[in-house]
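1. no sequence on this one, just coordinates:
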């Protein structure tokens, strides 16, 4: 039996802010960001009130800002964001915890509802695995759609179980900060809610 496995939410747990919002600001500027949110305010309110699904609203926002963008241009923006903006958003306590777990021989996995595009560079550099939402590309263009389900809530659990046989691990650690992480935390023998805030 392997020593253990640790699952980390990304936005708000490892980072100080939601990276999707920060990526939109980075790509479209603050004016474009706020105008886009004003145009979609009713959908955002519908999500807050649980009338509209997280995935439906997320896809609407992604389509508003990125539909029709060449995928290679989008990915270049993701690399630039990862290199220039992401480091300032990472919580030092989260990095310290990840490195401590790695030194103990524990497998570390980021499980995120944000698209993998701007997270993958960071997880690769850290030597950790990644499970995240995946964006659809058609004819070389971003559509704004998510392939399959948004990696949020119960979908985090489904994607984890699809990739890892959890019975093979002596300890399961999970770190999260919102209600969307609670199903993942329920998998764990050691769970941490809103860590790294000091």
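-> Alright, I've got the coordinates. Since we're looking at a predicted model, the values are computed, not measured.

2. Now the residue positioned nearest the centre of the chain: closest residue in space, sequence neighbours ignored.
-> The chain has residue 112 as the residue nearest its centroid, 2.8 Å off, counting by CA atoms, centre = their mean. Excluding the flanking residues, the one nearest residue 112 by CB to CB, 6 or more residues apart in numbering is residue 10, at 3.8 Å. In short, each C-beta sits where N, CA and C put it, glycine included.

3. So the one you found, which state does it fall into?
-> Recorded secondary structure, residue 10: coil (DSSP: H, G, I helix; E, B strand; the rest coil).

4. wouldn't residue 193 be in contact with residue 185 here?
-> Yes. Applying CB atoms under 8 Å, one finds residue 193 in contact with residue 185, separated by 6.6 Å.

5. Overlap in contacts, the two.
-> Common contact partners of residue 193 and residue 185 (CB atoms under 8 Å, 6 or more residues apart in numbering): residue 176.

6. neighbour count winner among those two?
-> Legend: neighbour count by other CB atoms under 10 Å for residue 193 and residue 185, higher for residue 185 (20 against 14).

7. Let me see the residues that make contact with the one helix or strand in the chain whose mean pLDDT sits lowest.
-> Within the chain, no helix or strand scores below helix 41-48, which has a mean of 80 by mean pLDDT, DSSP states H and E. With CB under 8 Å, 6+ apart as the test, helix 41-48 has contacts from 37, 52-54, 56-57, 60-61.

8. same deal with stretch 60-73?
-> So stretch 60-73 is contacted by 24, 27-28, 32, 36, 39-40, 43, 74, 135, 137, 140-146 (CB under 8 Å, 6+ apart).

9. let's go with 10 Å and repeat that
-> 20-21, 23-24, 27-28, 32-33, 35-37, 39-40, 43-44, 46-47, 52, 59, 74-77, 115, 117, 133, 135-146 (CB atoms under 10 Å, 6 or more residues apart in numbering).

10. for stretch 154-170, same thing?
-> 1-7, 9, 54-55, 106-107, 109, 111-113, 129, 131-133, 148-151, 172, 174, 176, 180-189.

11. coming back round to it: can you name the next helix or strand after the helix or strand hosting the residue nearest to the centre of the chain?
-> Secondary structure from DSSP states H and E places residue 112 in strand 107-115. Next in sequence after strand 107-115, counting helices and strands by DSSP H and E, comes helix 120-126.

12. Report the rounded mean pLDDT for that following helix.
-> Per-residue pLDDT values across helix 120-126 average out to 96.

13. cool, and stretch 84-102?
-> The average pLDDT within stretch 84-102 is 96.

14. can you pull the buried residues of that stretch?
-> Neighbour counts over stretch 84-102 (16 or more other CB atoms under 10 Å) mark 86, 89-91, 94, 97-98, 101 as buried.

15. Quick one: distance of that stretch to the chain centre.
-> 14 Å (CA atoms, centre = their mean, to the nearest Å).
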